[in-house]
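> Provided below for reference: sequence and predicted model.
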Amino acid sequence: MLKKFALGLMAAALLALPAFSAPVFAADRPVELNNGKLKDNRMLIPLRDVAQNMGAAVEWNQKLQTIEIQKEDIEMLLTINSKKVLVDQVETELDVPAQLINNTTYVPLRFVSQILGASVDWNSYGQAATIVLEGKQIVVYVEPVKLLAAEKASAARLKQLSDKLNEAADVSSIKQIRTYFKPYFTDRLINVIIQNKGLEYNYTFKDPVTTGSYRTKTTGSFLQSLDIGHDAWETEYIMRDTKIIKVNGVWKADSVSFTKGRIPISGA
């Protein structure tokens, strides 16, 4: 009972982590932001959060409606509702202007590659942009949406996907891997499983800790945790984070990632 309680607390803590910070138990994981916007088929990113996580200083001038960014010896100045950006006093233009949405400044994803020199990648399945600069990695997800119960993956479907992921941990005994998993996984995940001959870790997870969280009407995720060992002072756990997408009206697993960690035992 104590183990279940500890794992439940750990899962709740993960879900409650601020969007602008990386999980404390996984320092090597990228920073994840959950407040990106998709507008007119363009990905807009929160400027301050992204810039500061890249090591830049950001100052907002309410009166002038400007944002000044300084990174090392480079200075940039943007103005709300203007496409013009001054980089070391040299003017350049964005494809769409900087925008103020709910008191947060947003710029197009292209800004970080065009102005900051970062590499960017857009995942249309996961509705996420990955930004890499000087070894730092930031993943900006499109802001989650609220769905009706009928629009979400049912508890039975999530359990079904979980059971199939357990089977996919080791596929050495499965002959027709693609055919077997096609009703449950996307081609992208199946390709990874075939290439790696299974998943990264071979653990059997039970029911999902979460009932699913959704970023769009066709993308979401669910978390699971498992106690894999403990001593008198700590419990060792592993978490499985499964990204799901809706394909032709059917929810399927699209990618899987794992996180290992330890939590102290209360009173130890």
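Okay, I see it. Numbers count the residues shown, from 1 in each chain.

> Which residue, other than its chain neighbours, is closest to residue 186?
Among residues not flanking residue 186 along the chain, residue 254 sits closest, at 4.6 Å (Cβ to Cβ, 6 or more residues apart in numbering). For the C-beta atoms, the positions are set from N, CA and C on the backbone; glycine is no exception.

> Can you get me a residue count around that neighbour?
Residues lying near residue 254 (other Cβ atoms under 10 Å) number 23.

> Show me what the strand or helix carrying it is in contact with.
Taking DSSP states H and E as the definition, one finds residue 254 inside strand 250-264. Contacts to strand 250-264, defined as Cβ atoms under 8 Å, 6 or more residues apart in numbering, come from residues 6, 9-10, 23, 25-26, 29, 125-126, 153, 157, 161, 164-165, 183-186, 188-189, 192, 199-201, 220, 228, 233-246.

> what comes up buried for that strand?
Going by neighbour count (16 or more other Cβ atoms under 10 Å), the buried part of strand 250-264 is 251, 252, 253, 254, 255, 256, 259, 261, 263.

> can you check stretch 163-179 too?
Neighbour-count burial for stretch 163-179, counted by 16+ other Cβ under 10 Å, picks out 164, 165, 166, 167, 168, 169, 171, 177.

> Report the two of these separated the most.
166 and 177 (14.8 Å; Cβ to Cβ).

> All the strands of the stretch 151-268 of the chain, residue numbers only.
Using DSSP state E, counting those that start in this stretch, the strands of the stretch 151-268 of the chain run over 213-216, 219-230, 234-247, 250-264.

> by contact count, what packs against the second one?
If I follow you right, that is strand 219-230. Using 3 or more Cβ pairs under 8 Å, 6 or more residues apart in numbering; DSSP states H and E as the contact criterion, the neighbours of strand 219-230 among helices and strands are helix 2-16, helix 155-168, strand 213-216, strand 234-247.

> what do you get for the shortest one?
In terms of contacts (3+ Cβ pairs under 8 Å, 6+ apart), strand 213-216 is packed against strand 136-142, strand 219-230.

> any idea of the angle the strand holding residue 254 forms with helix 155-168?
Using axes from the mean of the first three to the mean of the last three Cα atoms, to 10 degrees, the interaxial angle of strand 250-264 with respect to helix 155-168 works out to 70 degrees.

> can you give me the angle strand 250-264 makes with strand 219-230?
Between the axis of strand 250-264 and that of strand 219-230 there is an angle of 30 degrees, by the same axes, to 10 degrees.

> so strand 250-264 versus strand 234-247, what angle?
Between the direction of strand 250-264 and that of strand 234-247, the angle (the same axes, to 10 degrees) works out to 170 degrees.

> Use 329 as the first number for this chain going forward.
From this message on, residue numbering opens at 329, which makes the last subject strand 578-592.

> Dump the C-alpha coordinates for strand 578-592 into PDB.
The C-alpha atoms that make up strand 578-592 are tabulated as PDB, following Å, rounded to 0.1, in the frame of the first residue of the first chain:
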ATOM      1  CA  VAL A 578      -8.900   5.400 -33.600                       C
ATOM      2  CA  TRP A 579      -6.400   6.300 -30.800                       C
ATOM      3  CA  LYS A 580      -3.000   4.700 -31.300                       C
ATOM      4  CA  ALA A 581       0.400   4.800 -29.500                       C
ATOM      5  CA  ASP A 582       2.800   6.900 -31.500                       C
ATOM      6  CA  SER A 583       6.000   7.100 -29.300                       C
ATOM      7  CA  VAL A 584       7.200   5.900 -25.900                       C
ATOM      8  CA  SER A 585       9.800   7.300 -23.500                       C
ATOM      9  CA  PHE A 586      11.100   6.200 -20.100                       C
ATOM     10  CA  THR A 587      12.300   8.000 -17.000                       C
ATOM     11  CA  LYS A 588      14.000   6.300 -14.100                       C
ATOM     12  CA  GLY A 589      14.300   7.900 -10.700                       C
ATOM     13  CA  ARG A 590      14.300   7.500  -6.900                       C
ATOM     14  CA  ILE A 591      12.100   9.000  -4.200                       C
ATOM     15  CA  PRO A 592      12.900   8.900  -0.400                       C
END
